[in-house]
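[1] Return atomic coordinates for the entry below.
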Amino acid sequence: MSKTIKQLSVFLENKVGRLGEVTGILAEAEIPIRSIELVEAGDFGILRLIVGETDRAQGLLEERGFSVKLSPVIAVEIAHASGCFHRIVSILAAEGINIQYAYTAHGGPLGIFLIKTDRVEMLRAVEVLEADGVKVLDAL
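    Alright, predicted model coming up:
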C-alpha cells in the first residue's frame, strides 16, 4: 500500500525490563527507532514502533519470542501550532473515516502525526488528506 508507513506492534508483558529487552535487541542490531508508543492494557501492553529496517526488526524480535504484528499507518507532517491536529481529524471525520488510534513522532521543525484507520479506508484517507493539501509521508 503506497503512502503508508510500516508499524510494528509488539505485545509485551507489563513487567520491569520488558521494554528494555525490545529496545536492546534493536540497539544491538543498530536499527534506529523513529517513533515509539507504549499503551498499557492491564497485565500486557502494546508497543508501537516505527523503525528503520522494519522487516529485519520484526524477524529479530520474533526470533527472541516476541509476538509482533505489522500494520500500515498514515504519517502526515503537522506544524507545531494550535488547531493542526483538529484540521487533520476533521478532514477524515468529514469523509466518515474513523481513526482507530493515533500518536506523534518528532520530525524536526515539523511534527509527524501517525494515524491508524481501517485498512479498507486507508487509501481513501490518504487521498482526502492530500486533496486538502496535507503532506502524507511514505518514509520516516
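[2] what helices or strands is the longest helix along the chain leaning on?
    Longest helix in the chain by number of residues (criterion: DSSP state H): helix 119-131. The helices and strands touching helix 119-131, judged by 3 or more C-beta pairs under 8 Å, 6 or more residues apart in numbering; DSSP states H and E, are strand 67-78, helix 84-94, strand 136-137. In short, each C-beta sits where N, CA and C put it, glycine included.
[3] can I get those in CSV with mean pLDDT, distance to I5 and mean neighbour count?
    Formatted as CSV, the helices and strands packed on helix 119-131 follow (pLDDT from 0 to 100; distance: least, C-beta to C-beta, whole Å; neighbours: other C-beta atoms under 10 Å):
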stretch, mean pLDDT, distance to I5, mean neighbour count
strand 67-78, 95, 5, 18
helix 84-94, 95, 15, 15
strand 136-137, 92, 7, 16
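[4] Make a markdown table from those and add distance to A29 to it.
    Formatted as a markdown table, those follow (distance: least, C-beta to C-beta, whole Å):
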| stretch | distance to A29 |
| --- | --- |
| strand 67-78 | 14 |
| helix 84-94 | 33 |
| strand 136-137 | 24 |
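[5] quick one: which of those is nearest E21?
    Evaluated over the helices and strands packed on helix 119-131, closeness to E21 peaks at strand 67-78, with 12.9 Å, by C-beta to C-beta.
[6] to the chain's geometric centre, what's the distance from that closest one?
    From the chain centre to the centre of strand 67-78 is a distance of 3 Å (C-alpha atoms, centre = their mean, to the nearest Å).
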